[in-house]
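K.L.:
Need coordinates for the following:
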Amino acid sequence: MTLALRGSMALRRVVSVAALLPALIGVAPARGIEIEYARFKDPEIDPPRPVLGVSPASLPLWIQALEASEMDLRREAADTLVEAYRQGLSEAKQAEPALLKALAAPGQHPLVVAAVARALIALDCRHAADSLWAHAQRGSSELAQVIEPALAQWDYRPARTVWLQRLANRETPRGLLFLAIEGLANVGEQSAVPTLKALAVDRTGDAAVRLAAARAVGRLTSAGQESDARRLAADRTPQGLTDRLVAAWLLRRHSASSALAVLEDLAQDPEPAVAAVALQRLLEADFARIVRLSDKLLASPDARVRQLTAQAWVAERTPQAVSQLGVVLDDPHPGIRAHVRESLLDMASQPTLRPAVLEAARRQLAGRSWRGLEQAVMILVALEQKDIADRLVELLDFERPEVFVAAAWGLRRLAVPATSQRVLTKLEKLRDLQMVDRSTAEQDRQFSHLAEMLGLLRVGEAEPLLRQYVPKNIVLSPSVRGAAIWALGHIRADKPEPELARQLAERVADVMGILPEAAEVRAMSAIALGRMKAREALPVLRKFSGGPTVAEATQYACGWAIHCITGEPMPTFITPVLKRRGWFLERLE
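P.N.:
The predicted structure is shown next:
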């Protein structure tokens, strides 16, 4: 078996896993329109996240520990400085002199040297570069892995000469060779290109080394690699996988038509790892070449290939592109669906494309595929297409929760009065399931959206049903009770009812006992009391409001309710600061 074939087979095992990664983690969901609840935005209650603070009180102990006789104490002190600095302890930079002293100490244990090096790098102590470089050269490969990437980031010029020497020496250990390749690419060392290219195109070489070298050449050059790339790309056999990957990476920054032609060929490679590299460059340099291949590429089993193809259609921004993207709303990958949805919504802001976006979404809404239905609902609701309300009512009974929850959310967003009686009928059916603990979490989400809708429309006929959710009931989830109570507040806005006000005040005050009331129910009860202008509840609201500054949502809700009833100033949130405890050495306070 030849070296080239062994390298290709080894790479095949790596690529077969790597090709799956985009489908698993490489396609991030888009952020834009979301299926959210109205009650958390009306009023908006958004307590700040606690900030993790690190007290500098123990810093002198950590600095002192760097000179301890025990190796483990010295190592742990250095590691602690890194962690504390990353958590916001800027005073950790005061440890730089002690760290430099520890690095220079003779006979220092290798584990301590590595820990001290990591600390100096984390503190961005660039004046330690000479000392770090000396340790990297005489230390282990593992220590070099810690130090050399930082020196490349700092563009430490003495390292370039050694890195170039490693490239030229065929006896260089593999780990050090990778560090040299990456370092030279990071600092933009153009003189390394010929040697890097020789490593990349050597068919007898290690596959991983070839790829690393090809990536480096691709970063360092934007022209001149077409001939080698064309030759390597010509081998379409399984044994030629490494060659084709090298070819794609060599052209990573090329823009000439001859280079793009090679990339267009590689974009159709059956191996997704090859196609994705080529597609990424084509998307940047000439997305029209991807558009021409889209029928084939959108049929790829690889999510990354399909995503890049969809991005080309997004860049095209024509009615034909919108129509094609409408089909991709039904893509198997949720990240791609979300990206296309947000892209179509953006296109809808362009008058010439809005009709095409609406048509594409309506085609999906008329279908039966749950993926396309969910995205179509979100698009058409975001574009305020109230005429779809009847279809949304139909979809409340769809078999997939993604669809029936989206339909409920859409009905709440559109708030079409003509649908309220049918929605109330659906709520009654869900209530019957909930009261005997037979509803699913998704059905509870659907209930919450629909209850919010009836509240916003102030549908008085819903009040008897919604009031069943006020008393504590361990069978019912806090989310459905919170939604029902919030809706009651809207239905009863400016119309306090003594018995309801009494029940809601009881919910706010229920903080004792084995099963205190859920925080969401307490907060929504306070909000409902505020909307009702229930003055009789003021003593309870004041008791739990927390004053002008508050730390948690229920306190804020009580303060908001007091503001609604009396006009007193709104409370403001304070940012909780949590002091980190549990360091290996701590000063007693």
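K.L.:
Skip the chain neighbours and tell me the closest residue to the residue lying farthest from the centre of the chain.
P.N.:
Distance from the C-alpha centroid of the chain peaks at residue 498, with 46.7 Å (C-alpha atoms, centre = their mean). Leaving out its chain neighbours, the residue that sits closest to residue 498 by C-beta to C-beta, 6 or more residues apart in numbering is residue 536, at 7.0 Å. In short, each C-beta sits where N, CA and C put it, glycine included.
K.L.:
can you check residue 382 too?
P.N.:
Closest to residue 382 by C-beta to C-beta, 6+ apart is residue 33, at 4.8 Å.
K.L.:
who touches the one you found in this structure?
P.N.:
Neighbouring residues of residue 33 by C-beta atoms under 8 Å, 6 or more residues apart in numbering: 341-342, 345, 378, 382.
K.L.:
what do you get for residue 46?
P.N.:
Counting by C-beta under 8 Å, 6+ apart, residue 46 has contacts residue 573.
K.L.:
ranking the contacts of residue 33 by neighbours, who comes first?
P.N.:
residue 378 (26 neighbours; other C-beta atoms under 10 Å).
K.L.:
That one touches residue 35, doesn't it?
P.N.:
Yes. With contact defined as C-beta atoms under 8 Å, residue 378 reaches residue 35; the gap is 7.2 Å.
K.L.:
what touches both of these two?
P.N.:
The contact sets of residue 378 and residue 35 overlap at residue 406 (C-beta under 8 Å, 6+ apart).
K.L.:
circling back: and the pLDDT for the residue nearest to residue 382?
P.N.:
Model confidence at residue 33, given as pLDDT, is 90.
K.L.:
What is the burial count for residue 109?
P.N.:
13.
K.L.:
what about it, distance to residue 115?
P.N.:
Applying C-beta to C-beta, to the nearest Å, the value for residue 109 to residue 115 is 9 Å.
K.L.:
list the residues that contact both of these two?
P.N.:
Common neighbours of residue 109 and residue 115 (C-beta under 8 Å, 6+ apart) are 74-75.
K.L.:
Do a quick rundown of the helices in the stretch 101-250 of the chain.
P.N.:
All helices of the stretch 101-250 of the chain, identified by DSSP state H, counting those that start in this stretch, fall at 110-122, 129-138, 141-153, 158-168, 174-187, 193-201, 207-220, 226-233, 241-250.
K.L.:
pLDDT at the residue farthest from the centre of the chain, what is it?
P.N.:
The predicted local confidence for residue 498 is 97.
K.L.:
ditto for residue 553
P.N.:
pLDDT at residue 553 comes out at 89.
K.L.:
quick one: it and residue 48 touch, right?
P.N.:
No. With contacts counted by C-beta under 8 Å, residue 553 stays clear of residue 48, the gap being 11.1 Å.
K.L.:
Between these two, tell me which one has more neighbours.
P.N.:
Between residue 553 and residue 48, counting by other C-beta under 10 Å, residue 553 is the more crowded of the two (19 against 10).
K.L.:
what sits against the more buried one?
P.N.:
Residue 553 makes contacts with 45, 47, 519, 523, as judged by C-beta under 8 Å, 6+ apart.
K.L.:
CA atoms of stretch 263-270 as PDB?
P.N.:
Taking Å, rounded to 0.1, in the frame of the first residue of the first chain, the C-alpha atoms of stretch 263-270 are listed here in PDB:
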ATOM      1  CA  LEU A 263     -13.800  25.800  -7.400                       C
ATOM      2  CA  GLU A 264     -17.100  25.400  -9.300                       C
ATOM      3  CA  ASP A 265     -16.100  21.800 -10.200                       C
ATOM      4  CA  LEU A 266     -15.000  21.100  -6.600                       C
ATOM      5  CA  ALA A 267     -18.400  22.500  -5.300                       C
ATOM      6  CA  GLN A 268     -20.100  19.500  -7.000                       C
ATOM      7  CA  ASP A 269     -17.700  17.000  -5.300                       C
ATOM      8  CA  PRO A 270     -19.600  14.000  -3.700                       C
END
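K.L.:
domains for the chain, by residue range?
P.N.:
The chain breaks down into these domains under automatic domain parsing: 1-36+224-313, 56-142, 157-221.
K.L.:
what's the span of the second one, first residue to last?
P.N.:
It refers to domain 56-142. 31 Å (C-alpha to C-alpha, to the nearest Å).
K.L.:
mean confidence score for stretch 415-434?
P.N.:
Stretch 415-434 comes out at a mean pLDDT of 98.
K.L.:
now, which of the contacts of residue 553 lie within helices?
P.N.:
519, 523 (DSSP state H).
K.L.:
And the contacts of residue 553, which of them are buried?
P.N.:
45, 47, 523 (16 or more other C-beta atoms under 10 Å).
K.L.:
will you turn those into JSON lines that also has distance to residue 283?
P.N.:
Listed next are the buried ones among the contacts of residue 553 as JSON lines, based on distance: C-beta to C-beta, whole Å:
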{"residue": "45", "distance to residue 283": "41"}
{"residue": "47", "distance to residue 283": "41"}
{"residue": "523", "distance to residue 283": "46"}
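K.L.:
Let me have these in a markdown table, adding pLDDT as columns.
P.N.:
Formatted as a markdown table, these follow (pLDDT from 0 to 100):
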| residue | pLDDT |
| --- | --- |
| 45 | 85 |
| 47 | 83 |
| 523 | 97 |
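K.L.:
of those residues, closest to residue 366?
P.N.:
Using C-beta to C-beta, residue 45 comes nearest to residue 366 of these, at 38.6 Å.
K.L.:
where does the closest one fall, phi/psi-wise?
P.N.:
phi -120, psi 100 (degrees, to the nearest 10).
K.L.:
Quick one: residues contacting it.
P.N.:
Going by C-beta under 8 Å, 6+ apart, residue 45 touches 523, 553, 556-557, 560.
K.L.:
make it 10 Å
P.N.:
For residue 45, the residues meeting the contact criterion (C-beta atoms under 10 Å, 6 or more residues apart in numbering) are 39, 523-524, 527, 550, 552-557, 560, 573.
K.L.:
Drop anything exposed from these.
P.N.:
39, 523-524, 527, 550, 553-557, 560, 573.
K.L.:
Going by distance to residue 216, which of those residues wins?
P.N.:
residue 573 (49.4 Å).
K.L.:
from the helices of the stretch 101-250 of the chain, which stretch is densest packed?
P.N.:
helix 241-250 (a mean of 28; mean count of other C-beta atoms under 10 Å).
K.L.:
Next, the angle from that one to helix 226-233.
P.N.:
Interaxial angle of helix 241-250 relative to helix 226-233 (axes from the mean of the first three to the mean of the last three C-alpha atoms, to 10 degrees): 150 degrees.
K.L.:
Give the other helices and strands that helix 241-250 contacts.
P.N.:
Judged by 3 or more C-beta pairs under 10 Å, 6 or more residues apart in numbering; DSSP states H and E, helix 241-250 is in contact with helix 3-18, helix 193-201, helix 207-220, helix 226-233, helix 257-266, helix 272-285.
K.L.:
mind checking which of those helices is nearest residue 249?
P.N.:
Across those, closest to residue 249 is helix 207-220 (C-beta to C-beta), at 3.9 Å.
K.L.:
okay, that closest one in PDB with CA atoms only?
P.N.:
Extracted C-alpha coordinates of helix 207-220, given in PDB (Å, rounded to 0.1, in the frame of the first residue of the first chain):
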ATOM      1  CA  ALA A 207      -2.600  13.800   4.800                       C
ATOM      2  CA  ALA A 208      -3.100  16.000   7.800                       C
ATOM      3  CA  VAL A 209       0.200  17.900   7.200                       C
ATOM      4  CA  ARG A 210      -0.800  18.400   3.500                       C
ATOM      5  CA  LEU A 211      -4.100  19.900   4.500                       C
ATOM      6  CA  ALA A 212      -2.500  22.200   7.200                       C
ATOM      7  CA  ALA A 213       0.000  23.400   4.600                       C
ATOM      8  CA  ALA A 214      -2.700  23.900   2.000                       C
ATOM      9  CA  ARG A 215      -4.800  26.000   4.400                       C
ATOM     10  CA  ALA A 216      -1.700  28.100   5.100                       C
ATOM     11  CA  VAL A 217      -1.000  28.700   1.400                       C
ATOM     12  CA  GLY A 218      -4.700  29.600   0.900                       C
ATOM     13  CA  ARG A 219      -4.400  32.200   3.600                       C
ATOM     14  CA  LEU A 220      -1.100  33.600   2.400                       C
END
